[in-house]
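**Student:** Predicted model and sequence below, questions to follow.
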Amino acid sequence: MQKRPIGKTGLAVTAIGFGAAPLGGMPDTYGHSVDEATARATVRAIFDSPVNLIDTSRNYGAGRSEERIGAVIRERGGLPAGFVLSTKLDRDMDSGRFDAARARQSLEESLTVLGLDHIPMLHLHDPEHALDMSEITRPGGALDELFRMKEQGLATAVGLAMGRLDVMLPLLNDWPFDVILSHNRFTLLNRSAADLFNVAHARGITVLNAAPYAGGVLAKGSDKVTKITYQDASAAALAPVRHVETICAEHGVAPGAAALQFSMKDPRVASTIVGVSKPERVTQTLNWAAAPISPQVWDAVGQLDFETEDPEAHRVYRPG
């Protein structure tokens, strides 16, 4: 699988990455849990695939995602050669504190659980949910600490992974990130991250686009999933999903394949990160990435309306 560079860091990632949030067992977000045996089997399938990027976080499943990945890393005798593990500095989930000391503590927790002495790709995560944004942005704050970690050789690439675009864009303008990660905001249903991607691409900052299935509905189908971006959706809100499904059915294409390749074919996007919860999803993702899709499908999809507002503006965020 072709690899694309992460800025000037020397890292390169495949056009697909796998997201490990579901492997932490987060039923409040995904509507189902994942047991440890299934999670470990999924990590093994990822490591054995042609994909070289896995993305996790200190707070996914209260640490379970990193723990389960770390168990497989130890089982393999280390991270596979050439593999890029991405994780994140997280706020204290009880107090909301996100100062430099908390950022350092988050890194140390990740290194211990993962069994590594270095993180290939390290993001500052979800600052919009911190108790005090100034703890992050002030001199000597969490962002300064993130870049200090890179200087100390504890991370190769440093980035920003978050949701709210109104918070993300100013930070992007003020800090020399190698990479950014946005989720749910560039899909067949929503293009609110388009301006963000333009700014990042123009500045040479690598773009990772996560959650191309709008929380799963474009992959599993509107007959099985009645949520969009992890929120209950009315029949009217699900109508755009059904329009995509109708077009795909007429041309014999899986809607998940169209949703995945929509992100993959955008020149601004270096890698599209797909959450997986079992080994079969790894195989399915690779099949969808390679599925032939005719120009007629893209023409029809291109005529559909899409949202440009933040799809999670009214979401009640629960980290579990």
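**Tutor:** Yes, it's here.
**Student:** Point out where the protein drops to low pLDDT.
**Tutor:** 26, 28, 315, 317-320 (pLDDT under 70).
**Student:** Show me the longest helix that occurs in it.
**Tutor:** Longest helix in the chain, counting residues (DSSP state H): helix 235-251.
**Student:** and Ile228, how far is that from Pro27?
**Tutor:** Ile228 sits 18 Å away from Pro27, going by C-beta to C-beta, to the nearest Å. C-betas here are computed from N, CA, C, even on glycine.
**Student:** Settle it for me: which of the two has more neighbours?
**Tutor:** Each of Ile228 and Pro27 has its neighbours counted (other C-beta atoms under 10 Å); Ile228 has more, 27 against 13.
**Student:** who's that one bridged to?
**Tutor:** Gln231 (DSSP bridges).
**Student:** which ones are touching it?
**Tutor:** Leu189, Ala214, Gly215, Val217, Ala237, Leu238, Val241, Pro311 (C-beta atoms under 8 Å, 6 or more residues apart in numbering).
**Student:** List the residues that contact the second one.
**Tutor:** Which is Ala214. Taking C-beta under 8 Å, 6+ apart as the test, what Ala214 contacts is Asn184, Thr187, Leu188, Leu189, Asn190, Ile228, Thr229, Val241, Ala259, Pro311.
**Student:** switch to 7 Å and redo it
**Tutor:** Asn184, Thr187, Leu189, Asn190, Ile228, Thr229 (C-beta atoms under 7 Å, 6 or more residues apart in numbering).
**Student:** one step back: buried ones in the longest helix of the chain?
**Tutor:** Ala237, Leu238, Pro240, Val241, His243, Val244, Glu245, Ile247, Cys248 (16 or more other C-beta atoms under 10 Å).
**Student:** what about dumping the CA coordinates of that helix to CSV?
**Tutor:** Taking C-alpha atoms only, helix 235-251 is exported to CSV below (Å, rounded to 0.1, in the frame of the first residue of the first chain):
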residue,chain,number,x,y,z
ALA,A,235,-36.0,9.8,9.9
ALA,A,236,-35.4,13.2,8.2
ALA,A,237,-31.8,13.3,9.4
LEU,A,238,-31.2,9.8,8.0
ALA,A,239,-32.6,10.7,4.6
PRO,A,240,-29.2,11.7,3.2
VAL,A,241,-27.8,8.3,4.2
ARG,A,242,-30.6,6.6,2.4
HIS,A,243,-29.9,8.7,-0.7
VAL,A,244,-26.3,7.4,-0.7
GLU,A,245,-27.6,3.9,-0.2
THR,A,246,-30.0,4.2,-3.1
ILE,A,247,-27.2,5.4,-5.5
CYS,A,248,-24.9,2.6,-4.3
ALA,A,249,-27.5,-0.1,-4.6
GLU,A,250,-28.2,1.0,-8.2
HIS,A,251,-24.6,0.5,-9.1
